[in-house]
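In: dropping a prediction and its sequence here:
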Amino acid sequence: MKTELLEKQTFIEPDKIFKLLEENRNPSKQQIREIISKSLEIETLTPQEVACLINLKDEDLWHEIFKTALEIKKKVYDNRIVVFAPLYITSYCINNCLYCGFRKTNTVVQRKVLTFDEIKKEVQVLAGDIGHKRVIAVFGEHPKYSNIDYIVKTLQTIYSVKVTTKTGSLASIRRVNVNCAPLSVEELKLLKQAGIGTYQVFQETYHPGMYRKIHPNNTPKSNYEWRLYCMHRALEAGIEDVGIGVLYGLYDWRFEILALVCHARELEEKYGVGPHTVSFPRLEPAINTPFVEKTPYKVKDEELKKIITIIRLAIPYTGMIITARESKEFRDEVFKLGITQTDASSKIGVGSYSQPQQQQQPNLQQFILGDTRTLEELILDLAKMGYITSFCTAGYRCGRTGDKIMNLIKCGKEAVFCKLNAILTFREWIDDFATEEVKKEVEPIIEKELKEVEQKLPKWFPHLVEFYNRIKNGERDIYF
Ligand code: SAM
Ligand code: SF4
């Protein structure tokens, strides 16, 4: 599909993207090896280099690239996977995105918006029973149920909840990320004041023509440019952690990932800071939503694996999120390709954490989840694969955001903080939430990590031991 003549000029230039894909159809081994070396230096790739990776067919080289992806992840974020939970606040929406169960004209969906008391109940389960420390609050777009005052008050409500755990310590949500409609700079400044973690908005598709087809033009979401520039506005408003993504299955993934890299580079060039996270949502079935079955752009597992790997190499500093939209088997595989964050114990029906009878009812949900593992189950599975689960939320609370974190990442220092804070926050979770059985299974992973710090980071080890012992003695929320 070619760009329509009347399209406004933005930093996404579809014709140039198609041309790059065409011109780099047969990358040489030498070119690919140079790209691999550049990624290992934690340098953002050019669109031309990304086009070479997209077009690569040589399976032996792909094998090398998969290994490189994990190497980069270890270099930047060490051996940890950060966990969070989605917290759906409202299913009311005035948009009509063809692929979404929450679209306005989907009359079979039972609409709900949480009251602030209900939000508190959800947080009590998330923080007090399960042990989560970070959530992403998710909103449909609605002038009444998701206006900026409501979003700000939601953040304040979530942060206000303190729950006494069964061991007597105080648990709370320490980082609230937000996924909501694109906002203005003034509104984003209010979110910043309210203590937002990451501001996440997916472009869905970067192709302007396809974007307009699937977002009917009598809805606010039909404005491609307003959405495309929302991270510019967030950075102007002082929110330094921004999260971007494509909804895979709407358009040709080759175009999409090249465009996404252009987005990252544009933010880097203009603001000195690229995306804090990139997410990889793929279309899932949703109630009464035939579009999902009909799309000609379905992305296969093997393709999504390559997409994740290419982004790991192309934007090596970024955090990468895979959600419970995907099956357990698929998630376990892509943890080996550089994913850094995932959700667990997820329930996406509005109000489903505190009202278990509503769990996983299709007419309450935006789409159907692929992996319903509990946090405990995920932690055990990650431990079996040699990963430590992290509940770290230190970054934004001690100013490691934006260009500061970018620099720390590039020189390998962020990986040190990641490692130390993963150990401390995992210790907290074990002591407050793990059953005796789970404790037995996961203690070896924490022992292994402690040994590694002693051997590889001897300067940090005494500080870590001091903090670690304080946590064992009941102190909470201490971090590097
Ligand atoms: N309403 C806000 C918006 O559209 O930006 C944010 C909330 S929406 C609930 C979060 C994301 O879910 C969307 O940006 C879209 O990428 C994704 N989504 C929508 N329908 C989906 C489906 N059927 N399968 C998987 N993900 C979907
Ligand atoms: Fe509304 Fe977002 Fe769903 Fe579109 S994707 S219908 S804006 S909730």
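Out: Everything's here; your move. Ligands and ions are numbered 1, 2, ... in the order given.
In: hmm, Ile244 is touching Phe202, no?
Out: Yes - between Ile244 and Phe202 a contact is recorded at 6.8 Å, counting by CB atoms under 8 Å. Bear in mind the C-beta positions are built from the backbone N, C-alpha and C, glycine included.
In: quick check: neighbours shared by these two?
Out: The contact sets of Ile244 and Phe202 overlap at Ser279 (CB atoms under 8 Å, 6 or more residues apart in numbering).
In: which one's more surrounded, those two?
Out: Shown here are Ile244 and Phe202; by other CB atoms under 10 Å, Ile244 has more neighbours (24 against 17).
In: look at the more buried one and tell me its secondary structure.
Out: When classified by DSSP: H, G, I helix; E, B strand; the rest coil, Ile244 comes out as strand.
In: leaving out the residues flanking it, which one is nearest to it?
Out: Pro275 (4.7 Å; CB to CB, 6 or more residues apart in numbering).
In: return the distance of that neighbour relative to Asp241.
Out: When CB to CB, to the nearest Å is the yardstick, Pro275 and Asp241 sit 9 Å from each other.
In: neighbouring contacts of stretch 221-230?
Out: Outside stretch 221-230, the residues that reach it (CB under 8 Å, 6+ apart) are 8, 10-12, 95-97, 141, 181-183, 201, 203-204, 206, 208, 211-212, 215-216, 220, 263.
In: just the buried residues of those residues.
Out: The neighbour-count test (16 or more other CB atoms under 10 Å) marks 10, 12, 95-97, 141, 181-183, 201, 203-204, 206, 208, 211-212, 215-216, 263 as buried among these.
In: near ligand 1 too, which of those residues?
Out: Restricting the buried ones among the contacts of stretch 221-230 to those within reach of ligand 1 (CB under 6 Å from any ligand atom) leaves Glu141, Ala181, Val201, Glu204.
In: how about those in a markdown table, adding distance to ligand 2?
Out: Shown next, in a markdown table, are those (distance: CB to the nearest ligand atom, whole Å):
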| residue | distance to ligand 2 |
| --- | --- |
| Glu141 | 5 |
| Ala181 | 6 |
| Val201 | 10 |
| Glu204 | 7 |
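In: by mean pLDDT, flag the weakest helix or strand of the chain.
Out: Using mean pLDDT, DSSP states H and E, the weakest-scoring helix or strand in the chain turns out to be helix 402-410, at a mean of 76.
In: can you name the element that comes right after that one?
Out: Heading C-terminal from helix 402-410, the first helix or strand you meet, by DSSP states H and E, is helix 413-433.
In: can you name the residues of the stretch 351-480 of the chain that neighbour ligand 1?
Out: Close to ligand 1, as judged by CB under 6 Å from any ligand atom, the stretch 351-480 of the chain has residues Gln366, Phe367.
In: got a list of contacts for stretch 45-57?
Out: Around stretch 45-57, the neighbours that count as contacts under CB under 8 Å, 6+ apart are 17, 20-21, 23-27, 31-32, 35, 38-39, 62, 65, 254, 257-258, 261-262, 265, 310, 313-315.
In: where along the protein do the strands fall?
Out: In the chain, strands defined by DSSP state E lie at 80-90, 134-139, 163-164, 170-171, 175-179, 196-200, 242-245, 277-279, 319-322, 341-343, 388-390, listed in chain order.
In: could those strands go into a markdown table alongside mean pLDDT and distance to Ala422?
Out: Supplementary listing: these in a markdown table, determined by pLDDT from 0 to 100; distance: least, CB to CB, whole Å:
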| stretch | mean pLDDT | distance to Ala422 |
| --- | --- | --- |
| strand 80-90 | 97 | 4 |
| strand 134-139 | 98 | 13 |
| strand 163-164 | 95 | 23 |
| strand 170-171 | 95 | 18 |
| strand 175-179 | 98 | 15 |
| strand 196-200 | 97 | 17 |
| strand 242-245 | 98 | 20 |
| strand 277-279 | 98 | 17 |
| strand 319-322 | 97 | 14 |
| strand 341-343 | 97 | 12 |
| strand 388-390 | 96 | 4 |
